[in-house]
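Trainee: Please work out how this folds:
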Amino acid sequence: MTDTLPLTMKAAICPAPGAPVEIREVAMPTPGAGQVLVQMETCGVCHSDLHLREGQENLPDSLYPLVLGHEGIGRVVQIGAGTKNAPEIGTRIGLPWIFETCMQCKPCRTGHEALCAAGNARGVQKHGAFAQYALCPADFAVEIPEEIDPLRGAPLLCAGLMAWSALRKTRLEAGTNVLIIGAGGLGQYAILIAKVRGARVMVVDRDPSKLKTAKRLGADVIVPTGEDAGAEIRQAGGADVTLNFAPSPAIWPMIEAAANPMSDIVAVAMVHDPMPLSMMWLINGGHRVFGSSVGSRQELADFLAFAAAHPLRVEVQAIALEDVNAALDALKAGDVAGRLCIDFAQ
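Mentor: Below you'll find the model as predicted:
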């Protein structure tokens, strides 16, 4: 198969922080020792890609021009010389946020690879999957179950995995009241995962259409954002677990008002400004407040097995690679109901 590969490929590249993404013809990457080359089938378009295009992650200019994308699915077409334990040619694998880590530090050894200080992210420190071909370290190649459609499956590698990992860290049991703040793509995956696990799900969002979608996906209680939202949630039973997907510190008073004693509160959305967390509220309520980012390889494998058995019907809209910049503009404008995904067959 190596002899049939082209010398160049198309890729969606961000030339500099704050610059529009450009479709360019670039040299085909070559897998080195420990790497495989993947022919991409699909790649989801994520808010993190928008942040990177807009220059909001404060990356050094030296990392640009940069191929974005970290929700990729494709098949292995080439294996680097000397690579051990590589997936076989033709294996369908995922290309998620984590590109590689040191595999030696305490976070890596305890299943918290996202916290590795030496880790590299796909589409950040390493070129991503908005391209016809992409590299993947063999040690970080997670196989995609054949039951999962590549178009629907691509957003599972970041949006779905973040929801899964966040819920996994909580004391979720059947009958637990789970409050989800923000019913965009991540929130929708959280609704579906929590419902399968037997939770009673409450959703808060400012967009009536997203609340309607949340109800369709199985949310038991929907509440529009407002001054009384926390009290309404508390009146409806209160929150034992809260997942925040809304990137604003303004939601904290609502979280305090909604929380039952001994609740778990998980920060998932990237909120750069401080929140007014009261130590006395924390002590008197016995709450746990913690953050959650992307999941580990094992969490991804577990989640994909779960998704294969329980298809997660979040709306996914297919786009062509050439339309990725317009897709990022749509995300910026808030005009996306579910998830967007590049279909490389278009």
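Trainee: Show me the shaky parts of the stretch 101-250 of the chain.
Mentor: Along the stretch 101-250 of the chain, segments meeting pLDDT under 70 are nowhere present.
Trainee: Could you double-check that Trp24 sits in contact with Cys14?
Mentor: No, residue 24 isn't Trp; it's Arg. No. Applying CB atoms under 8 Å, one finds Arg24 not in contact with Cys14, separated by 10.7 Å. Every residue, glycine included, has its C-beta placed from N, CA and C.
Trainee: more neighbours, the two?
Mentor: The neighbour comparison of Arg24 against Cys14 (other CB atoms under 10 Å) goes to Cys14, with 26 against 15.
Trainee: From Gly119, how far off is that one?
Mentor: 21 Å (CB to CB, to the nearest Å).
Trainee: End to end on stretch 227-238, go ahead and measure it.
Mentor: Its start and end residues considered, stretch 227-238 measures 16 Å (CA to CA, to the nearest Å).
Trainee: Give me the neighbour count for Val67.
Mentor: Neighbours of Val67 using other CB under 10 Å come to 21.
Trainee: What residues are recorded as beta-bridge partners of it?
Mentor: Ile13 (DSSP bridges).
Trainee: can you pull the contacts of it?
Mentor: 11-14, 123, 127-131, 134 (CB atoms under 8 Å, 6 or more residues apart in numbering).
Trainee: Gln78: which of these is nearest?
Mentor: Within the set of these, Ala134 lies nearest Gln78; the separation is 11.5 Å, counting by CB to CB.
Trainee: and the chain, what are its domains?
Mentor: 2-158+295-343, 161-291 (automatic domain parsing).
Trainee: wait, isn't Ala174 in contact with Ala199?
Mentor: Yes. Ala174 is in contact with Ala199 according to CB under 8 Å; the separation is 7.3 Å.
Trainee: hey, where'd the helices end up in the stretch 151-300 of the chain?
Mentor: All helices of the stretch 151-300 of the chain, identified by DSSP state H, counting those that start in this stretch, fall at 159-168, 185-196, 208-216, 229-235, 252-258, 279-285, 297-309.
Trainee: Minimum distance to Val77: which of those helices has it?
Mentor: Nearest to Val77, of these and by CB to CB, is helix 297-309 at 21.0 Å.
Trainee: Settle this for me: Trp281 is touching Glu256, isn't it.
Mentor: Yes. The pair Trp281 / Glu256 is scored as a contact, 5.8 Å apart, by CB under 8 Å.
Trainee: quick one: contacts for Thr213?
Mentor: 183, 188, 315, 337-338.
Trainee: cool, Ala330 as well?
Mentor: Per CB under 8 Å, 6+ apart, neighbours of Ala330: 336, 340.
Trainee: Not including adjacent chain positions, what is the nearest residue to Gly285?
Mentor: Closest residue in space to Gly285, ignoring its immediate chain neighbours: Pro261 at 5.3 Å, by CB to CB, 6 or more residues apart in numbering.
Trainee: now swap in Gly44 and tell me
Mentor: Closest to Gly44 by CB to CB, 6+ apart is Glu71, at 3.1 Å.
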